[in-house]
Structures are given as C-alpha cells and as structure tokens.
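Q: my questions are about this predicted structure, shown below with the sequence.
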Amino acid sequence: MDRLSPLLGLAIAALLALSPFLMGALSPAVSCSPSLTEDQESLKARIVEVFLALQSAESNGANISAPLRMLNQALALIQDGDPASLEQAGSIISEVNASIPQLAAEGEQMRLASSAWLYSSLVMLGVVGALSYLYLPRLIWRSWVKAKREWEVAAS
C-alpha cells in the first residue's frame with residue numbers, strides 16, 4: 001500500500017474545505033425559483049397570518065381540516081400567478097379568515113363538552129364503586145345463603 005505524503009493530504013483537505021466557495025463562484029447567478037409579484041407576496045403573507053390564527057383555533061379544540069384544504073387551494077392559485085387566480089385566492093383567504101371566530105367558538109364548545117363528559121364519567125365511576133362497596137357483599141352473602149339453604153351439616 002502506497003502512503004500519501006502529508007503535503008498531498010493537506011492539499012486535499014484544503015481543496016475539500018474550499019469546495020463550497022469554489023462551487024458557488026463557478027455556478028451561474030440564475031435562480032431557479034420563479035419571481036413573485038407583490039400581489040403574490042402579500043397574499044402569501046395573508047395566508048401565513050390566517051394559518052397562525054387557525055393554529056390557535058386548533059389549540060382550542062377546533063377542527064381545521066376543511067379551512068386548511070381551502071388555504072392549500074388558495075396557495076395553489078397563488079402559484080399560478082394569473083390575475084383571476086390571485087383574486088380568487090384572495091377571496092378564499094378572506095372566507096377562511098372570516099370563519100376563524102366561529103371555528104374557535106366551536107372548538108371551545110367541543111372542549112367543554114369533552115370535559116363535562118370526562119367529569120361525569122368519573123363521578124359515575126365513583127358512585128358505582130361506592131355502591132358496589134356498600135351493597136355487593138350483602139348481595140353475595142344473601143345469594144350464597146339462598147343457594148346453600150338445603151344443605152345439612154353432619155358431624156364426621
């Protein structure tokens with residue numbers, strides 16, 4: 001096996017360390033992403049705001065799957081870049097934004113209903129446990145006595 005000289009190893013390490021800079025200098029200055037107009041940028045900013053509001057509504061227990069589908073549709077329309085598509089995307093975003101307070105209220109109602117169901121279930125479980133503790137031994141002994149009433153005890 002032939003060993004590399006330390007100088008050659010140092011040169012390879014330096015080349016590897018500088019390769020990102022060399023690749024950046026050699027690559028063309030053309031961007032692959034399409035340029036967005038101001039309307040598209042403002043609509044995307046509105047989508048982000050509406051999404052954050054939807055996220056807070058979801059944390060309150062709201063079901064946000066339908067509004068998220070609508071926002072995805074608006075995002076696809078924004079990517080088209082067509083003026084009619086941008087107008088339609090703006091109306092979709094406004095519609096979703098208008099539905100957020102109702103979603104938050106429904107989420108709060110769902111949370112309250114869920115809490116009420118949980119607490120009532122716990123109370124019922126406690127009541128059943130207490131009644132079982134008080135009356136189950138008595139019922140078991142009565143049924144045992146009725147079942148064994150005919151038996152006779154004999155001395156062996």
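A: Arrived safely.
Q: what lies in contact with the one helix or strand residue 54 maps to?
A: Using DSSP states H and E, the element containing residue 54 is helix 38-59. Contacts with helix 38-59, where a contact means Cβ atoms under 8 Å, 6 or more residues apart in numbering, come from 36, 62, 64, 67-68, 71, 74-75, 78, 81, 86, 89-90, 93, 96-97, 100, 103-104, 107. Heads up, the C-betas are built off the backbone N, CA and C, glycines and all.
Q: just the ones of these in strands?
A: Using DSSP state E to define strands, no part of the contacts of helix 38-59 is located there.
Q: circling back: show me which residues of the helix holding residue 54 are buried.
A: For helix 38-59, the neighbour count (16 or more other Cβ atoms under 10 Å) marks 40, 43-44, 46-47, 50-51, 53-54, 57-58 as buried.
Q: for stretch 98-112, same thing?
A: Within stretch 98-112, the residues that count as buried by 16+ other Cβ under 10 Å are 99-100, 103-104, 106-107.
Q: just the closest of those residues to residue 136, please.
A: In terms of Cβ to Cβ, no member of the buried residues of stretch 98-112 lies closer to residue 136 than residue 107, at 41.7 Å.
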